[in-house]
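Participant: Output the structure for:
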Amino acid sequence: MDIDPPRKGMTRRSLIGSGLAASALFATAGVAFRPTPAMAVSPLSFDFENDPPFSFKFDGTSSRSLLPGWSSSSNTVALDAVRTRQTVTWTGTSGLVVRCESVTYADFPVVEWTVHFENTGSVNTPTLSEVLAIDTLLHGAALPSWTIHTNNGSTAAATDFAPTDLTLSSTPGEYKLFSTGGGRPTSGSLSPDEKAPGGAWPYYNFDWGGQGAIVALGWPGQWGLQTGLDTLGRAPVIGGMTNYDGPFGSTPTLYDLDLTQMYLEPGESIRTPLIVTLAWEGGDWIDAQNVWRKWFLRHNIPRPGGANPAPILAAAAAESSITAVQADASDYIGVMAAYQAQNLTPDNGGPLGWLWIDTGWFPIPGSVSPTDPEAWTYTGTWEPDPARFPNGMVEVTDEVRSYGAKTIVWHEPERCRPGTWLYDNHPEWLLAGGTDHRYLNWGNPDAYDWAVDTFTGLIADGGIELFRIDFNFTGPLPNWNATDVSGRRGATQAHWVEGWLAFLDQLRTTFPTMLIDNCASGGRRLDLESLRRSIPLTRSDLFRDSLGNQCHTFGLSSWIPCQGGTADAYSTYGIRSAMGWHLEAHLNDLLTSAPTSQQWMTYADGLAEWNLVKSCYFGDFYPLTSYSTSTADWIAYQFDRPDSGAGIVQAFARPSTPATSLTVQLRGVVPGATYDIWDVDNPTAVSSLSGAQLAAGVNMAPVPRPYAVTLAYQKQ
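Facilitator: Sure, this is the predicted structure:
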């Protein structure tokens, strides 16, 4: 079928009044999980008692030699109807106790594990070293090569999360080495030199043709992973916490990245990164990614009340670095009033769900000018600025609630600068290293207690419904290493990570219905452990960039369902480019100038469309074109809800795209079923096509460019 350009006079808001459009696309709760071909397989098999998939050295001797001679015990319990936990404990010499906790899922082909080390003795242990959270062989097909499907991390560029296929060769001596940058787990990108550490994306889909395995390493710190392939169809995979970030030699290995090397003090314990494996067979690697998405939604995101978190539509009012430290309570209240004055309802754009208060609401040192572009970075005095918020943050949040909306408020607990309360009063709570920017030491009990008391108080007193955590600048790795004492390499990082995760857990316990936003200069802390406790509202610090948003959705959606972009609020192309489970449409210019009536109409139409299709972002994801950052290329992708038969296709003809059509072949549709499909810009022109016809190809020819097409479909 041909999808024509929008006809004059048609708007997206007219979709809402359509009986067809108001069908299953609106169903947002209780997403069902229909099996895909790649789920028809058992989890990978690991013998945690006799051949555990991790390793370490203790006093210079490998655990492969030690553990068989240590006393051990195993205990298995059902955590719930679908998860079974096995705990294997080994008691060794010198008071060292090793505990591996693994979880097997009955509803997905997934096994995960974490290893803990504890000194139960009265003196320091010998050195614990070369701790590998994963040290195992993937058994696949004996082929000359496999493919690893992985991605970039984040660098605030259009190439953030760019998908990449790497060839894993069985040539002797060939291997791949991956790591992150600066201590933030998803900060960086793949290196052209495949033996140089890089990538900053601790998620890997090993594909040996029609079957494979996903391996993910969850650690909100510095990590490394190395893999290769032998001629017998086995891929050794080793990885864990590291303490080194370059420069590197010509052929570095994981052991050059400064693995853990420390003694444990009496009563001290540390843990390894979380490892998750997902086996797949049948379909292709994209089907496997959709099994991962389903597992992620069911088991690896915060689900207040046991349900998936509702999609979020937010608007920021004072995002710029200068405006942020000058805005006061009346400014934010005025933004809500201006929005309310447009009389936006669910039928013509939707009421604003969340008002986003970003940085700058706290007092800054008197020595810093409010017009300094870096004034917003002077964190460390955690209270609403009494001059600009004399009645506290609750004055704003109460007003926002009166409009039926909620509030997102930015915090950065871990960083402080000179002249702030934390920096000047408690330097002993901070990591060593640095003078201008310093980091809170989550491993310090007093610092941890202060953070819990301070930020739970801010949330409760301010009536904050979504707690936004940022983590800026280059990262804490040099500071962790500077804080380590001799003979204890990695101790600071290990305890810092545990403190960070405990802080998130405490917030969730105290405020069980509150979501936590996870930002670290945009998308640089997207590890599994952090994402079990928080969601990334800002996936990249490349803001309001339409091409970048398209690329980020294309790359990130295979791995993380709950995320989205920041949109140019007054451009249909910009809003569609940023649409996802989360959509942030900035209204910061309301503090300086009023949008025109046409801008408001474009904004309202875009929000109406998002409200129509938002539940589809819980569905399966299919890339429909190749990935590209070129302004001359189309890019397109599909979100499909197999439980309801609904879905959308989003396609983008970029500014320099030639005047040629694009044909996309839909996936996930049932060949023998009949579907209604329509262009949301022309909702009255509904076509009925079979799933086989949709899979054969749908054609789009946009005029003019740049142009964004949204197709919606519903199974009859």
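Participant: So residue 522 versus residue 537, what's the distance?
Facilitator: The gap separating residue 522 from residue 537 is 10 Å, by C-beta to C-beta, to the nearest Å. Glycine gets a C-beta too; all of them are placed from N, C-alpha and C.
Participant: The two: which has the busier surroundings?
Facilitator: Under the criterion of other C-beta atoms under 10 Å, the comparison of residue 522 against residue 537 puts residue 537 first, with 27 against 23.
Participant: who touches residue 390 in this structure?
Facilitator: residue 329 (C-beta atoms under 8 Å, 6 or more residues apart in numbering).
Participant: so residue 136 touches residue 235, yeah?
Facilitator: No. The criterion here is C-beta atoms under 8 Å, and residue 136 misses it with residue 235 at 9.3 Å.
Participant: And the one helix or strand residue 695 maps to, what does it pack against?
Facilitator: With elements taken from DSSP states H and E, the one containing residue 695 is helix 691-696. Other elements packing on helix 691-696 under the criterion 3 or more C-beta pairs under 8 Å, 6 or more residues apart in numbering; DSSP states H and E are strand 674-679.
Participant: Spatially nearest residue to residue 651 (excluding sequence neighbours)?
Facilitator: Closest residue in space to residue 651, ignoring its immediate chain neighbours: residue 636 at 3.7 Å, by C-beta to C-beta, 6 or more residues apart in numbering.
Participant: give me phi/psi at that neighbour?
Facilitator: Phi and psi for residue 636, reported as degrees, to the nearest 10, are phi -150, psi 150.
Participant: How about residue 365?
Facilitator: Taking degrees, to the nearest 10, you get phi -60, psi 150 for the backbone angles of residue 365.
Participant: Next one: it from residue 420, what distance?
Facilitator: 7 Å.
Participant: Residue 578 too?
Facilitator: Residue 578 sits 34 Å away from residue 420, going by C-beta to C-beta.
Participant: Please compare the two by neighbour count and tell me which comes out ahead.
Facilitator: residue 578 (29 against 21).
Participant: need the contact list for that one.
Facilitator: By C-beta under 8 Å, 6+ apart, the residues touching residue 578 are 544, 546, 549, 564, 565, 566, 567, 568, 584, 585.
Participant: ditto for residue 300
Facilitator: Residue 300 touches 528, 531, 532, counting by C-beta under 8 Å, 6+ apart.
Participant: Can you verify my assumption that the second one contacts residue 559?
Facilitator: No. Using C-beta under 8 Å, residue 531 is not in contact with residue 559; the gap is 9.7 Å.
Participant: Please name the residues that touch residue 670.
Facilitator: Per C-beta under 8 Å, 6+ apart, neighbours of residue 670: 645, 691, 715.
Participant: Looking at the residues you listed, spot the one nearest residue 623.
Facilitator: For the contacts of residue 670, the closest approach to residue 623 (C-beta to C-beta) belongs to residue 691, at 19.0 Å.
Participant: Leaving out the residues flanking it, which one is nearest to the closest one?
Facilitator: Spatial nearest neighbour of residue 691, excluding adjacent residues (C-beta to C-beta, 6+ apart): residue 669 at 3.7 Å.
Participant: Next, that neighbour: secondary structure please.
Facilitator: Following DSSP: H, G, I helix; E, B strand; the rest coil, the label given to residue 669 is coil.
Participant: What's the end-to-end length of stretch 529-548?
Facilitator: 26 Å (C-alpha to C-alpha, to the nearest Å).
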